[in-house]
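# Here you go, sequence then predicted model.
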Amino acid sequence: GAGVSQSPRYKVAKRGQDVALRCDPISGHVSLFWYQQALGQGPEFLTYFQNEAQLDKSGLPSDRFFAERPEGSVSTLKIQRTQQEDSAVYLCASSNVDEQYFGPGTRLTVT
Amino acid sequence: GENVEQHPSTLSVQEGDSAVIKCTYSDSASNYFPWYKQELGKRPQLIIDIRSNVGEKKDQRIAVTLNKTAKHFSLHITETQPEDSAVYFCAPYNFNKFYFGSGTKLNVKP
């Protein structure tokens, strides 16, 4: 079946621009996670949704980061006024119980 | 929160040898213990997992062992092949959150 998909796969933004990253989870998966992965590092937790409810956003690095999942399926991670330190791969993952499956990620480069 | 340590950070083995990667964690509430494989430029992929009521699980050439008392779990790969070369992450789970280790870069030399 279809796995987790993300778009765009690559995004170049000028410093100060806003970006929106999309995640399509596996159909029927209740849980959705966003991670930030810097080069050579493990994924760092950003936020977690159970259906449409954002139950944990403790990993969001600043108030410039905002995530939503209004209908309990597709999710969007928005970064306002991007900074160079936001450059990373943003991974989305979905799960039903605990087995987690990742999307291919969006590589964000802020110039 | 959870404190996760993974060792070694790099591991180089000859093809056909075994490889073992260890993950220690701090929170006794963790109840699910997966290992992920990430090849360069690709997404992390779940390769094996174990739940807290089981001590060992095997799937062909890979196995995971869990010691809940000591709070560590290990990934074992036997008869390594060049395609096993990748970065491996442990990610103990509790309270709806996965805590990723810093990764182990495995290099299998032909």
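Received it, and whenever you're ready, just let me know what you need. Here the structure is a predicted model, which means the values were calculated and not measured.
# Would you map the strands across chain B?
Assigned by DSSP state E, chain B shows strands spanning B:5-7, B:10-14, B:19-24, B:32-38, B:45-51, B:56-59, B:62-67, B:72-77, B:86-90, B:93-94, B:97-98, B:104-109.
# ok now the third one, how far from the chain's centre?
Going by C-alpha atoms, centre = their mean, to the nearest Å, the spacing between the C-alpha centre of strand B:19-24 and its chain's C-alpha centre is 6 Å.
# quick one, what contacts A:Val89?
A:36-38, A:105-108 (C-beta atoms under 8 Å, 6 or more residues apart in numbering or on different chains). Where you see a C-beta, it was placed from the backbone N, CA and C, and this is true even at glycine.
# can you list the weak-confidence ranges in chain A?
A:1 (pLDDT under 70).
# Give me every residue in it lying close to chain B.
Residues of chain A lying close to chain B (C-beta under 8 Å from any C-beta of the partner chain) are A:31, A:33, A:35, A:40-45, A:48, A:50, A:55-56, A:91, A:98-105.
# how many neighbours does whichever residue of chain B sits closest to chain A have?
Nearest residue of chain B to chain A, counting by C-beta to the nearest C-beta: B:Phe100, 3.7 Å away. B:Phe100 is flanked by 23 other residues according to other C-beta atoms under 10 Å in any protein chain shown.
# quick one: it and B:Lys57, what's the gap?
Separation of B:Phe100 from B:Lys57 (C-beta to C-beta, to the nearest Å): 20 Å.
# now do A:Asp24
Distance from A:Asp24 to B:Lys57, by C-beta to C-beta: 31 Å.
# Nothing else from me, thank you.
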